Each structure stands twice: as structure tokens, then as C-alpha cells.
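Peer 1: model this:
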Amino acid sequence: MKTSIRLLDDSHEKDSFDCDNEMLNNYFRRQAGQDVRRDLSACYVLADENDTAIGYYTLSSNSTARDEFPEEMVKKLPKSYSELPTILLGRLAIDKHYKGKGLGEYLLIDALNQCVELSEKVGTLAVIVDPIDQNAESFYDRYQFINLPDSSRMFIPIKTVKASWP
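Peer 2: This is a model prediction of the structure:
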């Protein structure tokens, strides 16, 4: 099967996408295109040769309060930065017919590579995720994401991404 990852456009067939999570399904089918047109996020789609969506992820600029990060990470940063620049990996989903084939990892690594490219143009300290459930948290944990103290969010420093996936 030939696949490609590219930005969401009108040629993508989204209606049959089903990742077994209605919130993620509805977002992709009904909201993702609007968010892209409004410059709220970028949506990258993994599609087959017929442009049928197999999976997707979204990225958007974000800022995270300095005090949400572990002290050892921010202690050398200027105190004048109360908000730190981050990238939000807002959603990542794979159609249920393709789960267990390593495509979630494939999309995550593509997303992290996109974040590294962005960080070379715009200052970015970390990539933030909001795991939707315990399975998602375990998934991100396998890729060196760290729980933000006092939050359900997780992050991975851009420096870690650069060192791990050159």
C-alpha cells in the first residue's frame, strides 16, 4: 500500500474515518478543515493512494506557563518569560482498520520532525500533548514524553527530539 502524509485538503476522503473515538472522528470529519482555513491549526493526513484518510495529526502554536514545567527544565531560562513557546500536538489518530501496524508511531515521528523544522525558524521549547486517555498517555510515555507536574498534559523538550530523531 502506497501512503503519503500531507496537509489536509479537499481531495482527502474523511467521511469513512473511524478511530473508535467519536470526539476525534467528529473533529476530523467536521472541524479540522475549518480550523485549517481559520489558521488555528495545521492538519496533516496520512492517506492511501486513493486519498482515503488512514490517520491524522494537528499542530498549532502554543504557549505554556513557565510554572507548569519542572523547575530543573526552566531554572536557567530568564525569569522574565512567564509563558514559554511550545507547539501543541493537539490530536493524533489512526483509523481502527490500521491500528497495530506502527502507523501511530509513524505519524508521531513525522509530527516531531515537523516540530523540529519549525523550531529552527521560530523559538520553541517543547512539544505539548493532551493525552485523551490512559492508552494515549502510555503511547506518549514510550516516546520520552514527560508528565507536566499538576496537569494531565505531557511534553517533550525540542532538544530531546533533536537528540533522539536526528
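Peer 1: assign residue 35 to helix, strand or coil.
Peer 2: Using DSSP: H, G, I helix; E, B strand; the rest coil, the secondary structure recorded for residue 35 is helix.
Peer 1: measure it to residue 56 for me?
Peer 2: Relative to residue 56, residue 35 is positioned 12 Å away (C-beta to C-beta, to the nearest Å). The way it works is simple: take the backbone N, C-alpha and C, and place the C-beta from them, glycine included.
Peer 1: common neighbours of these two, please.
Peer 2: Among the neighbours of residue 35, those also in contact with residue 56 (C-beta atoms under 8 Å, 6 or more residues apart in numbering) are residue 43.
Peer 1: what about the two, which has more around it?
Peer 2: Neighbours were counted for residue 35 and for residue 56 using other C-beta atoms under 10 Å; residue 56 has more, 26 against 17.
Peer 1: how far away is residue 95 from residue 45?
Peer 2: 11 Å.
Peer 1: now swap in residue 17 and tell me
Peer 2: Counting by C-beta to C-beta, the gap from residue 17 to residue 45 is 9 Å.
Peer 1: common neighbours of those two, please.
Peer 2: Residues touching both residue 17 and residue 45 (C-beta under 8 Å, 6+ apart): 53, 56.
Peer 1: more crowded one of these two?
Peer 2: Taking other C-beta under 10 Å, residue 17 and residue 45 do not tie; residue 45 has more neighbours (25 against 22).
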